[in-house]
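Novice: model the structure of this input:
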Amino acid sequence: MKKKRPTKLRRRLFRSYITATISITLVLFLVGLMSLLVQNAGRLSDYVREHVGFTLVLQDDVRDVEVLRLQKMLSATPYVKSTEYINKEDAAVTLANDLGEDFVDFLGFNPLFSSLDVKLYAPYMDTDSLVVLEKNFLQYPQVKEVYYQRDLVRVINNNVRRISLFLMIFALLLLFIFTALINNTIRISIYSQRFVINTMKLVGATRSFIRKPFLWKSIAYGLIGGLIANITILLLIYSYQKDFKEILDIRQLDTVGLTFIVVLVFGVLISGLSTYFAVNKFLRLKFDELYY
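Specialist: Numbers count the residues shown, from 1 in each chain. Just a heads-up that it's a prediction; the model follows:
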């Protein structure tokens, strides 16, 4: 029986270490996802805003050479991201498919005009810039009319501001929750060894000597949990990069690298600080108080 007790104790401690590591890993995985979300919030808003642009209705007698020249001039400007030419025949086919009826045969002519779909860079999608750009586009001789969805642009800009504010508050709240979860996990792990701490104190060990193994062990928890969480996040990004290639890419070394650093630093820092304060608490307790 005496030989089995150390074995049971070692198994109990091993299960405690595994439980603590898994708990920290799960929390750090959520920390990494939150970091990716915060870093890519701006990229997501830019992606939405850059898919709303101008439609330049062209003159009816404009030639293809003039359209090509206009596209090159627009592409050379700092605010135009891309242009797409849609001739009147393609526009008629698209509209006929939407209506389910060939209106060209019914009217006897094609009433539509050729057009250019112009997508702008996100910084130029505010209301004031769009008013100025609309006037600039109308100065081109090839352009007959300029159209863009003013209400949609206004709604998108307003929602981007609101979502950004909400995201910052949400991120701070999650950060507080994650810190509390890791702190509680570490405190529970150390609580199971409170009598060991008291025994070391009774035989004359200094506080720093007692704290050292617990600190190194908690730092190991943070590092191992952070590495496993980072590997999981990397696999997740790799698996879904085709679906979110406009927003998140595994080749974005700055975003992915910063996320990995945040996860590791957060794991080590919170684990170390939680351990330091938890051990100090049990060092201050008297033997009778350890049972409460």
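
Novice: drop to CA atoms for contacts and neighbour counts, all remaining ones
Specialist: OK.

Novice: how near is the residue nearest the centre of the chain to residue 46?
Specialist: Using C-alpha atoms, centre = their mean, the residue of the chain that lies closest to the mean C-alpha position is residue 37, 1.7 Å off. Distance of residue 37 to residue 46, computed by C-alpha to C-alpha, to the nearest Å: 14 Å.

Novice: ok, now residue 172?
Specialist: 23 Å.

Novice: of the two, which one has the most company?
Specialist: Neighbours were counted for residue 172 and for residue 46 using other C-alpha atoms under 10 Å; residue 46 has more, 17 against 11.

Novice: wait, isn't the more buried one in contact with residue 122?
Specialist: Yes: the pair residue 46 and residue 122 passes the contact test of C-alpha atoms under 8 Å, sitting 5.2 Å apart.

Novice: chain center to the helix or strand that contains residue 218, what's the gap?
Specialist: Using DSSP states H and E, residue 218 sits within helix 207-240. Its chain's C-alpha centre and that of helix 207-240 lie 21 Å apart, by C-alpha atoms, centre = their mean, to the nearest Å.

Novice: average pLDDT for that helix?
Specialist: When pLDDT is averaged along helix 207-240, the result is 84.

Novice: same check on stretch 174-190?
Specialist: Mean pLDDT, stretch 174-190: 79.

Novice: pull out the buried residues from that stretch.
Specialist: By 16 or more other C-alpha atoms under 10 Å, the buried positions in stretch 174-190 come out as 175, 178, 179, 182, 183, 184, 185, 186, 187, 189, 190.

Novice: need these in CSV (columns: secondary structure).
Specialist: Output for those, formatted as CSV (DSSP: H, G, I helix; E, B strand; the rest coil):
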residue, secondary structure
175, helix
178, helix
179, helix
182, helix
183, helix
184, helix
185, helix
186, helix
187, helix
189, helix
190, helix
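
Novice: point to the helix or strand of the protein where mean pLDDT is at its lowest.
Specialist: For the chain, counting by mean pLDDT, DSSP states H and E, helix 103-107 ranks last in confidence among helices and strands (a mean of 61).

Novice: quick check on residue 149: phi, psi?
Specialist: phi -80, psi 90 (degrees, to the nearest 10).

Novice: can you list the domains in this structure?
Specialist: 4-47+157-291, 53-148 (automatic domain parsing).

Novice: now, of the ones you listed, which is deepest in the fold?
Specialist: Comparing the domains of the chain by mean neighbour count (mean count of other C-alpha atoms under 10 Å), domain 4-47+157-291 comes out on top with a mean of 17.

Novice: that one: how far from the chain's middle?
Specialist: 19 Å.

Novice: can you pull out the strands in the stretch 1-150 of the chain?
Specialist: Assigned by DSSP state E, counting those that start in this stretch, the stretch 1-150 of the chain shows strands spanning 54-58, 80-86, 115-120, 143-147.

Novice: pairing partners for the second one, with directions?
Specialist: Meaning strand 80-86. Next to strand 80-86 in the sheet, as set by DSSP bridges, lie strand 115-120 (antiparallel).

Novice: what's the angle from the strand it pairs with to strand 143-147?
Specialist: With axes from the mean of the first three to the mean of the last three C-alpha atoms, to 10 degrees applied, the angle from strand 115-120 to strand 143-147 works out at 50 degrees.

Novice: strand 115-120: how far from the chain's middle?
Specialist: Put simply, strand 115-120 sits 29 Å off its chain's centre (C-alpha atoms, centre = their mean).

Novice: please shift the residue numbers so they start at 542 in all later answers.
Specialist: All set: I'll call the first residue 542, so the last point we hit is now strand 656-661.

Novice: which other residues reach it?
Specialist: With contact meaning C-alpha atoms under 8 Å, 6 or more residues apart in numbering, strand 656-661 is reached by 591-599, 620-629.

Novice: check stretch 690-698 too.
Specialist: With contacts defined as C-alpha under 8 Å, 6+ apart, stretch 690-698 is touched by 590, 593, 666, 667, 668.

Novice: hang on, the earlier thing: show the pLDDT at the residue nearest to the centre of the chain.
Specialist: The model reports residue 578 with a pLDDT of 76.

Novice: and residue 782, how far from residue 772?
Specialist: Distance, residue 782 to residue 772, by C-alpha to C-alpha: 15 Å.
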